[in-house]
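**Student:** coordinates only, sequence not included:
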């Protein structure tokens, strides 16, 4: 049961990640353990009385048996055992995309079918999907702020490709190239992030090289074997390299071709739309504005909810 | 005949704007007039021999009779007369949108019909069109850089409204509000610019107040008589006030609602796409890159042309 | 009695805003309430023993009867009752300007009399005072940082108008226009803020449109009926629109006329002087410097006090 | 006679600085000299026929005898001789403050008398005037943009001290300290600039150290002998060191005491007012706006003139 | 014994600085003191039972007798007495450079001997060492972030002079001048900081004037008596004044001569290298990256330790 | 003969690039050609009389026979013929490094031998030299501002590797890794630039992808076959990717390891030292300061010359 669904007196029996713990002295003079338990989303306080052991290391996983007491907003713990990897599902504590990965993957294939007519680009995409499709389906879209859940990369990619295809048609840019660039723009996140632990983390090469550079290095190899036209290859890599829009935002070059301008605009828009809907979801009823640190502004909230996020 | 179409020996008989003029002494000791003539787009040198008058004031309009000599890339002038307002069409020297204003206006009405279901917003738009439709059709979109021609405001507005409508559907924002905001976002340019002279200019109130503030002041008055829901009014004005995206780019507030995020993105994209296609058009054959001062980057040019600008 | 005046053993009987509360278990096993009480300025901890109810919602108003115990820096609460609006003065928890509103209002009228000779501008100001004088007297000058109390807008306006009048005389700018602009520069704050709750808040239109835009929209309407000279109207609105000095600080245009340069300088100076005197007041005896987040610097403090703020 | 006063056929007999010169071949095959002559303010073209010498070095001073011909906007030169230092007044080509230096100096002494009550500060100022009064009267206020003429430092200093004294009274800051700081804030310019050549230049130590650092070094020595109170000395030097307002504008510290905030505001205001009135003066009749590179904005100009600069 | 070396049951008998203290009520109803004790590096919690006094002022020094209990990570205090200045060494709580001051001082003299051939510069340095050598040996290099310990100024100065000497040889800049500038670049910190209290603090003149301005004022006086060549003096002072590299980082001028470019580069490098090694030292085993607020980036950490800091 | 060595009456017989040309009418009524000729460094005016052809396209190469006339600072042309590729050396108009390429290459190999002990890194470098050594020797270091001549990349690389090796020793960073990173940091410029025309140009992939991204893509492939240790590979690529120091200066990541901090510092220093010595070389005798657009400052110049550039 998720912490946010706890009600008074409910029986608690689940795995949690320990956030903090401290041994304190109770009124009867006996030591007890005060602990903070996380289910990956929310945190709740717990107490284990008559506890003679030492405090538990943060980020340990424990199996807890106990009862939730609403007045003290705390779990009274009857039994507390350390859990090893393997006792619980590997992604138990990682947030997941609310949408179904299987159907999102089909959406992506449909976009590819519908818009990428160029055979070389199509060949490149199929090769990438064959080699890295599984990771593409799993990877988070970010460590925080937006699409920070399993499947988030896929969800974000579809949204960007969808908008980019429409804008490419409006502005008569090269449709195959625009959509192929949109599909691959964040591919490097597969190697930038790790999602095999208790939380999302940067990989070593992610920290040192970043997803833009990692994506370009990998895709440039595949592109050499699938795309003969050097100009097309350079343009595709340019779309990936420039999708952050400005050098000071991490672009290796600022968008210099129509296709890159479109993908950068669609990427920026999707991140902002995600954040604005998320800010609305987090707002308390009646709240008017909320400061968003990454957008550096308040979001105006009245009645919309996250269900409306269509990205 | 436009200057760019001059061929050797062609007879020249037209109105021009004087850019510079100087009285010089010829090899025979007689004074002659050297003059630069503009047709609003290009400039050509001219010479009037045996000229005993003083130099001509810049920005005078003259009627020229002469012959073009290709070797010296110069017009030999036989007769040169000052022209008064009224002798030539008022907009003779102002650049015009390559698209037909009448059919653009129908496009805008179609967008209104198709996407703005909300009756109050539709009523506001109809009122604005009734009062200011003629200016809306004529106004330039900017003084320079993009859409800087008669009809440019209309062309730009349609492009923004078109993209915004698509993105509103993708992201399930309020469609009526998004499109109404897109249609009105630059309305203030009607009062910011003047287009009754030899070139586009800022008006006094444009210089002192800017189009965002001018637009909000006018629309807030019309909105009070057509829209009862205060929240809807505030949101519409917020879209207009925030469409420059960032305060440092002139927004009075940064976009705080989904509809404003979309309009600001569509506006920014259209300006950039215009500039990128224009940079391509200006590039010489074989040129690879070109520095664009307003986009602060080079544009990469191979084969595209301005005909592709679809905004 | 204000919290800052509590002494050991003093009887406490007053209304407070609850900031946080938690039900804890006492040494005798009984639950007790630990609560943080605010009088709008300071916060003090309180304890209500043998408390069997649930925790109290933050931002509730309670009536407290108890005794202050200095050793534990805490109020021992004997009785604690929820208070409804109406039981206590509406502005009980809102900070007030240390100066008398009535005499400040007279000061403002005197400034108007003394410096605004232009009849049209005087007419506009009288109309604004008639329509919005009551709000002008009440509104805070900001939500935080400076003049964040009832009457703060008035106090700040007088200070700016006073400095601006002197500088206008020194620099021979248009005195009527400078002072009228100074008096109206922040008028939009009347609609930007709300002061009918437990603390100052942004209104919806304040959040979406900001006080500069709100001020311009309102004043432009009044100005049309009182000022015939369009240039004078535009200049007045320009002073209001440019008083933040730089676009990146929220100005819609940067000051382009002498009168606007003066009002922007006087406004900036008054905010800084307020903050510097406030920083001195907050400093502990013997403290040398203090970092001020909004001025991005330390303030050097030796002996001055807030009583010296003359704005 | 100043170049701007030339009329057709007038006899020209004066010293000029050569800006450019080129030997050209006339229609009769003979070489002639084409030359640009400056009187320190304006530039006019000249021609010396049958000239068999080589071109003249730029920045040479020449004595010219000739006649002005309006049609060709050029001086026909009859005699042209190189002039040595000593033949013409040393400051002939340097612009001068339109105000009388003697009466400005009395204004400064009056300000000192009226506002600087503190005996130590008065003693310091008298010592500085005694040692450096002559330079203080001569030095320009800047190399360009504002107060860039002999006497400009004095004119600017008086304006800043005047405004600062008024603001100090309004804000009840330490009046002696504020005004003493205002009088000394730009003293270092005496050593930063050189005004013994054909134009204003940076000195070596001005280029390497700047006027703020130069001023502090000199004044700190005088202050040690005249001011016993270390805190007073530090505050005075802080006013000088912080008067550029922000570190990125060259302040060694940002203003941390009320007196420094006031002097920085008065200094900034005076520079801006000078530029805004100068922009108005330079504007052609009927011109509406003009881009000012140092203020990064257009100035709005209708009827005001530079005569109004009261600094 | 340092707090980081505490083991379970160890006897504690030492002076500590009180960080926070609060009187609480124990389970037996008696008040007890909960206190946070600092040894200048780490902090540990302590409890004094049956404590009837009031809480202790933060930043008091106390002499503690007690026992460390690992389970509660707390010191059980048997006796607690206020300590007066003089009872404990003056620098007891100030961090010290891990290197020996005496041998660092010899290193500095060796650098002087080896690289500063110019007799005037050598004379200036010897004079500075004679007058201010003792402070030079003691002063911290900063209040925080890097070299924030006694002897830190000396350690940093040696590192900068060492790198600067090598780069001066590579780039053939004036070796004497480069190294003399490096040795003196931060001299002003002697007057900017105070290290006679419980922690490092800014002095009054440090807060108001900063170490660059203080250094220049002092050194310019000594330089006048030891260096005849004005150009050499100006260059030396320029190196000191420009060593922060950019005006926005506090330089009074940006480096304009080769020697100043080198010293600024060496200074910046040493600060960054210190921080990067310190970040590595602070990182937990297995940690990959760590955000560094002053360098505005993550540091990548695998196996290196602070022992490698060679500055 | 180079244009800068022309003396009066000297015979001119060489290839030049045409910069501009115009057909003018001489005093005898006959057309003549006025032309600007460049030898890749300087430009001189030329005249070809009795010229009945049309003007010559800019950037054509011509063979000129004529005579230099000092009084008119112009070449009198007797014969003028278009030159085809092959008639003149391919790099005739490209500037060359003043140092010998062969001996620079040996310097680089020596640095490799002396400092890169790690066998894997040495293997990688040898492989790169084998594959791309010829281009490495020829490539310019930049298109403008610094090292903008054939051999410039090599010269700059040696300077950076030399400084980096010394700093690595001082700071005990990994010497092999630091120096290998320094040698490879700008390798991508081989593909970023083209030097087979009349002037240096960006290649297509250089314009679209930049040298940092191009370098990483190529080196990551070679590194996979020569370096087994993934951490070493990532660190090496990180040095290359971060060598611009800040993201806003084009770094893909800011330096996160000691070796990258050193290489970025050495790279920045070498560019600045080059520019400062070049500014000194360009200065006229007696000139004191000169504004440098890329360093955003004046350079202080007295007696040094470019011969001192040791990079």
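**Tutor:** Yep, it's here. What you see is a predicted model, and the numbers here were worked out from it, not measured in a lab.

**Student:** Every contact and neighbour count from this point should use C-alpha atoms.
**Tutor:** Fine.

**Student:** And stretch A:219-239, what's buried?
**Tutor:** Neighbour-count burial for stretch A:219-239 flags A:219-220, A:222-223, A:226-227, A:233-239 (criterion: 16 or more other C-alpha atoms under 10 Å in any protein chain shown).

**Student:** Quick check: of those, which lies closest to chain B?
**Tutor:** Among the buried residues of stretch A:219-239, residue A:235 lies closest to chain B (C-alpha to the nearest C-alpha), at 9.5 Å.

**Student:** How about the contacts made by that closest one?
**Tutor:** Neighbouring residues of residue A:235 by C-alpha atoms under 8 Å, 6 or more residues apart in numbering or on different chains: A:257, F:208.

**Student:** Quick check: it is in a strand.
**Tutor:** No: going by DSSP: H, G, I helix; E, B strand; the rest coil, the assignment for residue A:235 is helix, not a strand.

**Student:** For chain A, which segments are assigned as helices?
**Tutor:** Using DSSP state H, the helices of chain A run over A:101-115, A:119-138, A:152-171, A:175-184, A:189-192, A:204-226, A:230-241, A:258-282.

**Student:** between those helices, which has the poorest average model confidence?
**Tutor:** Mean pLDDT across those is lowest at helix A:258-282; the value there is a mean of 88.

**Student:** and that helix, what does it pack onto?
**Tutor:** Judged by 3 or more C-alpha pairs under 8 Å, 6 or more residues apart in numbering or on different chains; DSSP states H and E, the packing partners of helix A:258-282 are helix A:152-171, helix A:175-184, helix A:230-241, strand A:297-300, helix B:258-282.

**Student:** show me the contacts for the residue of the stretch 101-250 of chain A found nearest chain F.
**Tutor:** Relative to chain F, the nearest point of the stretch 101-250 of chain A is residue A:248 (4.0 Å; C-alpha to the nearest C-alpha). Contacts for residue A:248 were tallied using C-alpha under 8 Å, 6+ apart; they are F:247, F:248, F:249, F:250.

**Student:** okay, now residue A:53: neighbour count?
**Tutor:** Number of residues near residue A:53 (other C-alpha atoms under 10 Å in any protein chain shown) recorded here: 11.

**Student:** now it: how far from residue E:70?
**Tutor:** From residue A:53 over to residue E:70 the distance is 11 Å, taken as C-alpha to C-alpha, to the nearest Å.

**Student:** again, but for residue A:189
**Tutor:** The gap separating residue A:189 from residue E:70 is 44 Å, by C-alpha to C-alpha.

**Student:** which of those two has more neighbours?
**Tutor:** Of the pair residue A:189 and residue E:70, residue A:189 is the one with more neighbours under other C-alpha under 10 Å, namely 24 against 14.

**Student:** Geometric centre of chain A: which residue is closest?
**Tutor:** Centroid-nearest residue in chain A: residue A:148, 2.1 Å away (criterion: C-alpha atoms, centre = their mean).

**Student:** Quick check: closest non-adjacent residue to that one.
**Tutor:** residue A:142 (4.7 Å; C-alpha to C-alpha, 6 or more residues apart in numbering or on different chains).

**Student:** Can you give me the neighbour number for the one you found?
**Tutor:** What residue A:142 shows, counting by other C-alpha under 10 Å, is a neighbour count of 20.

**Student:** same deal with residue A:37?
**Tutor:** Residue A:37 has 27 neighbours, counted by other C-alpha under 10 Å.

**Student:** Which single residue of the stretch 101-250 of chain A approaches chain E most closely?
**Tutor:** residue A:204 (7.0 Å).

**Student:** hmm, back to that, give the buried subset of the contacts of residue A:248 as a PyMOL selection command.
**Tutor:** Applying 16+ other C-alpha under 10 Å to the contacts of residue A:248, the buried members can be selected in PyMOL as follows:
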select buried, chain F and resi 247+248+250
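
**Student:** follow-up on the earlier one: wait, the residue nearest to residue A:148 sits on residue A:150?
**Tutor:** No: using C-alpha atoms under 8 Å, residue A:142 makes no contact with residue A:150, being 9.5 Å away.

**Student:** Nearest to chain E: which residue in chain A?
**Tutor:** For chain A, C-alpha to the nearest C-alpha, closest residue to chain E: residue A:27, 5.1 Å.

**Student:** who touches that residue in this structure?
**Tutor:** Neighbouring residues of residue A:27 by C-alpha under 8 Å, 6+ apart: C:27, C:28, E:27.

**Student:** Is there a neighbour count for the residue of the stretch 101-250 of chain A closest to chain E? I'd like the number.
**Tutor:** The number of residues packed near residue A:204 is 22, by other C-alpha under 10 Å.

**Student:** Looking at chain A, which strand is longest?
**Tutor:** When chain A is scanned for its longest strand (criterion: DSSP state E), the result is strand A:11-25.

**Student:** Okay, buried residues for it please.
**Tutor:** For strand A:11-25, a neighbour-count test (16+ other C-alpha under 10 Å) marks A:11-12, A:15-25 as buried.

**Student:** Equivalent analysis for stretch A:38-49, please.
**Tutor:** So stretch A:38-49, judged by 16+ other C-alpha under 10 Å, has buried residues A:38, A:39, A:40, A:43, A:44, A:45, A:46, A:47, A:48, A:49.

**Student:** Kindly report the same for stretch A:88-108.
**Tutor:** Buried residues in stretch A:88-108, counting neighbours by 16+ other C-alpha under 10 Å, are found at A:93, A:94, A:95, A:96, A:97, A:101, A:104, A:105, A:107, A:108.
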